[in-house]
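1. take a look and give me a structure for this.
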Amino acid sequence: MVLLPKRRRLLIQIAIGLVLLADLVLLGVNWRLRLAPQTAGEQVLLLRREQELMTLDLRRAEGIRRDLPAVQRQCDEFFQKDLRPSDGGYSAILADIGTIAHDSGLNIESTRFKQQEIPKHGVAEVSIALNMEGPYPSLVTFIGSLERSNNFYLLDSLGLDTTTNGILHLTLQIRTYFRS
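-> Below you'll find the predicted structure:
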(Lines give C-alpha, C1' and ligand atoms only; values in the text may rest on other atoms or scores of the structure.)
Protein backbone atom coordinates (compact mmCIF):
# COMPACT_ATOMS: atom_id res chain seq x y z
CA MET A 1 0.00 0.00 0.00
CA VAL A 2 1.38 3.35 -1.01
CA LEU A 3 0.93 6.24 1.42
CA LEU A 4 0.08 9.52 -0.25
CA PRO A 5 1.17 12.85 1.09
CA LYS A 6 -1.48 14.51 3.26
CA ARG A 7 -2.16 17.31 0.82
CA ARG A 8 -2.69 14.97 -2.13
CA ARG A 9 -4.99 12.73 -0.01
CA LEU A 10 -7.05 15.79 1.00
CA LEU A 11 -7.42 16.86 -2.65
CA ILE A 12 -8.60 13.37 -3.61
CA GLN A 13 -11.13 13.36 -0.75
CA ILE A 14 -12.45 16.76 -1.85
CA ALA A 15 -12.71 15.55 -5.46
CA ILE A 16 -14.63 12.44 -4.37
CA GLY A 17 -16.92 14.60 -2.23
CA LEU A 18 -17.64 16.90 -5.18
CA VAL A 19 -18.42 13.92 -7.42
CA LEU A 20 -20.83 12.56 -4.79
CA LEU A 21 -22.47 15.99 -4.44
CA ALA A 22 -22.88 16.22 -8.23
CA ASP A 23 -24.47 12.75 -8.21
CA LEU A 24 -26.96 13.87 -5.57
CA VAL A 25 -27.85 17.00 -7.56
CA LEU A 26 -28.37 14.95 -10.73
CA LEU A 27 -30.49 12.45 -8.78
CA GLY A 28 -32.70 15.32 -7.56
CA VAL A 29 -33.06 16.77 -11.06
CA ASN A 30 -33.93 13.34 -12.45
CA TRP A 31 -36.54 12.82 -9.72
CA ARG A 32 -38.16 16.22 -10.42
CA LEU A 33 -38.28 15.51 -14.15
CA ARG A 34 -40.15 12.26 -13.47
CA LEU A 35 -42.77 14.08 -11.40
CA ALA A 36 -43.28 16.87 -13.93
CA PRO A 37 -45.79 16.23 -16.74
CA GLN A 38 -43.94 15.11 -19.84
CA THR A 39 -46.42 16.12 -22.51
CA ALA A 40 -48.70 19.05 -23.17
CA GLY A 41 -51.69 16.70 -22.74
CA GLU A 42 -50.53 15.74 -19.24
CA GLN A 43 -50.09 19.41 -18.38
CA VAL A 44 -53.64 20.17 -19.57
CA LEU A 45 -55.03 17.33 -17.42
CA LEU A 46 -53.10 18.62 -14.42
CA LEU A 47 -54.41 22.15 -14.93
CA ARG A 48 -58.00 20.88 -15.32
CA ARG A 49 -57.71 18.95 -12.06
CA GLU A 50 -56.44 22.08 -10.30
CA GLN A 51 -59.38 24.04 -11.74
CA GLU A 52 -61.85 21.41 -10.48
CA LEU A 53 -60.37 21.56 -6.99
CA MET A 54 -60.51 25.36 -6.95
CA THR A 55 -64.13 25.28 -8.15
CA LEU A 56 -65.04 22.89 -5.32
CA ASP A 57 -63.27 25.14 -2.81
CA LEU A 58 -65.17 28.14 -4.15
CA ARG A 59 -68.51 26.31 -3.85
CA ARG A 60 -67.71 25.38 -0.23
CA ALA A 61 -66.81 28.99 0.55
CA GLU A 62 -70.05 30.23 -1.04
CA GLY A 63 -72.01 27.67 1.01
CA ILE A 64 -70.34 28.86 4.20
CA ARG A 65 -71.12 32.48 3.32
CA ARG A 66 -74.75 31.54 2.57
CA ASP A 67 -75.17 29.55 5.84
CA LEU A 68 -73.39 32.07 8.05
CA PRO A 69 -76.51 34.04 9.09
CA ALA A 70 -78.27 30.81 10.17
CA VAL A 71 -75.21 29.73 12.15
CA GLN A 72 -75.08 33.16 13.79
CA ARG A 73 -78.77 32.84 14.76
CA GLN A 74 -78.10 29.39 16.26
CA CYS A 75 -75.17 30.78 18.25
CA ASP A 76 -77.29 33.65 19.53
CA GLU A 77 -80.07 31.23 20.52
CA PHE A 78 -77.56 29.01 22.33
CA PHE A 79 -76.09 32.03 24.08
CA GLN A 80 -79.53 33.21 25.28
CA LYS A 81 -81.12 29.83 25.97
CA ASP A 82 -78.33 27.65 27.35
CA LEU A 83 -76.03 30.08 29.15
CA ARG A 84 -77.30 31.50 32.42
CA PRO A 85 -76.88 35.18 33.17
CA SER A 86 -74.10 35.86 35.65
CA ASP A 87 -76.57 37.33 38.18
CA GLY A 88 -77.72 34.42 40.32
CA GLY A 89 -75.87 31.91 38.19
CA TYR A 90 -73.85 30.35 41.01
CA SER A 91 -76.89 29.56 43.16
CA ALA A 92 -78.76 28.09 40.18
CA ILE A 93 -75.80 25.90 39.21
CA LEU A 94 -75.21 24.80 42.80
CA ALA A 95 -78.91 23.95 43.20
CA ASP A 96 -78.94 22.04 39.89
CA ILE A 97 -75.84 19.99 40.73
CA GLY A 98 -77.14 19.36 44.25
CA THR A 99 -80.49 18.13 42.94
CA ILE A 100 -78.84 15.87 40.37
CA ALA A 101 -76.49 14.44 43.04
CA HIS A 102 -79.34 13.89 45.53
CA ASP A 103 -81.59 12.25 42.91
CA SER A 104 -78.66 10.03 41.86
CA GLY A 105 -77.93 8.95 45.44
CA LEU A 106 -74.57 10.74 45.85
CA ASN A 107 -73.19 12.81 48.71
CA ILE A 108 -71.38 16.00 47.70
CA GLU A 109 -68.39 16.45 50.02
CA SER A 110 -67.08 19.71 48.58
CA THR A 111 -67.65 22.16 45.74
CA ARG A 112 -65.16 24.78 44.56
CA PHE A 113 -65.77 27.45 41.94
CA LYS A 114 -63.22 29.42 39.97
CA GLN A 115 -64.37 32.13 37.57
CA GLN A 116 -62.44 33.59 34.65
CA GLU A 117 -63.85 36.45 32.60
CA ILE A 118 -63.71 36.22 28.82
CA PRO A 119 -64.79 39.78 27.99
CA LYS A 120 -64.13 39.55 24.27
CA HIS A 121 -66.93 36.97 23.98
CA GLY A 122 -69.22 38.36 26.67
CA VAL A 123 -69.02 35.30 28.90
CA ALA A 124 -67.46 34.16 32.14
CA GLU A 125 -66.02 30.66 32.32
CA VAL A 126 -66.70 28.95 35.65
CA SER A 127 -64.66 25.89 36.60
CA ILE A 128 -66.31 23.67 39.18
CA ALA A 129 -64.42 21.08 41.22
CA LEU A 130 -66.67 18.49 42.87
CA ASN A 131 -65.82 15.77 45.37
CA MET A 132 -68.56 13.18 45.90
CA GLU A 133 -69.11 9.71 47.30
CA GLY A 134 -71.54 6.97 46.40
CA PRO A 135 -72.01 3.62 44.72
CA TYR A 136 -71.00 3.08 41.10
CA PRO A 137 -74.56 3.02 39.63
CA SER A 138 -75.22 6.39 41.28
CA LEU A 139 -72.10 7.84 39.64
CA VAL A 140 -73.27 6.67 36.22
CA THR A 141 -76.73 8.11 36.86
CA PHE A 142 -75.22 11.42 37.99
CA ILE A 143 -73.08 11.81 34.86
CA GLY A 144 -76.01 10.89 32.59
CA SER A 145 -78.26 13.41 34.38
CA LEU A 146 -75.55 16.07 34.13
CA GLU A 147 -75.50 15.58 30.35
CA ARG A 148 -79.31 15.92 30.13
CA SER A 149 -79.48 18.95 32.41
CA ASN A 150 -81.01 22.17 31.15
CA ASN A 151 -77.74 23.86 32.13
CA PHE A 152 -74.69 23.72 29.91
CA TYR A 153 -71.80 21.69 31.40
CA LEU A 154 -68.51 20.48 29.96
CA LEU A 155 -66.88 17.54 31.71
CA ASP A 156 -63.12 18.17 31.83
CA SER A 157 -61.92 15.31 34.01
CA LEU A 158 -63.18 12.54 36.20
CA GLY A 159 -61.32 10.59 38.87
CA LEU A 160 -62.48 7.54 40.79
CA ASP A 161 -61.10 6.05 43.97
CA THR A 162 -62.47 3.41 46.33
CA THR A 163 -62.98 3.89 50.05
CA THR A 164 -62.62 1.24 52.74
CA ASN A 165 -66.33 0.37 52.74
CA GLY A 166 -66.53 -0.16 48.95
CA ILE A 167 -68.08 3.20 48.21
CA LEU A 168 -66.49 5.13 45.36
CA HIS A 169 -65.00 8.59 45.74
CA LEU A 170 -65.57 10.73 42.64
CA THR A 171 -63.60 13.83 41.73
CA LEU A 172 -65.07 15.85 38.87
CA GLN A 173 -63.84 18.92 37.04
CA ILE A 174 -66.61 20.55 35.01
CA ARG A 175 -67.05 23.90 33.34
CA THR A 176 -70.00 26.08 32.60
CA TYR A 177 -70.38 29.58 31.24
CA PHE A 178 -72.38 32.63 32.32
CA ARG A 179 -73.50 35.48 30.08
CA SER A 180 -71.91 38.76 31.11
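
2. contacts, neighbours, all on C-alpha from now
-> Fine.

3. report the contact partners of residue 141.
-> For residue 141, the contact set (C-alpha atoms under 8 Å, 6 or more residues apart in numbering) comprises residue 104.

4. correct me if wrong, but it is in a strand.
-> No - counting by DSSP: H, G, I helix; E, B strand; the rest coil, residue 141 is not part of a strand but helix.

5. how close does it sit to residue 162?
-> Counting by C-alpha to C-alpha, to the nearest Å, the gap between residue 141 and residue 162 amounts to 18 Å.

6. next one: residue 92
-> Counting by C-alpha to C-alpha - residue 92 and residue 162 are separated by 30 Å.

7. next helix or strand past the helix or strand where residue 26 lies?
-> Residue 26 is part of helix 6-35 when elements are defined by DSSP states H and E. The element immediately downstream of helix 6-35 (helix or strand, assigned by DSSP H and E) is helix 40-82.

8. so residue 160 sits in a helix?
-> No - the assignment for residue 160, made by three-state DSSP, is strand rather than a helix.

9. so the residue most central in space within the chain, which state does it fall into?
-> For the chain, residue 156 is the residue whose C-alpha lies nearest the centre (C-alpha atoms, centre = their mean; 12.8 Å). For residue 156, the secondary-structure state derived from three-state DSSP is strand.

10. next up, the contacts around it.
-> Going by C-alpha under 8 Å, 6+ apart, the list of residues near residue 156 reads 172, 173, 174, 175.

11. hang on, residue 165 in a helix?
-> No - according to three-state DSSP, the state of residue 165 is coil, so it is not within a helix.

12. and it, how close does it get to residue 111?
-> 23 Å.

13. how is this structure divided into domains?
-> 47-82, 84-179 (automatic domain parsing).
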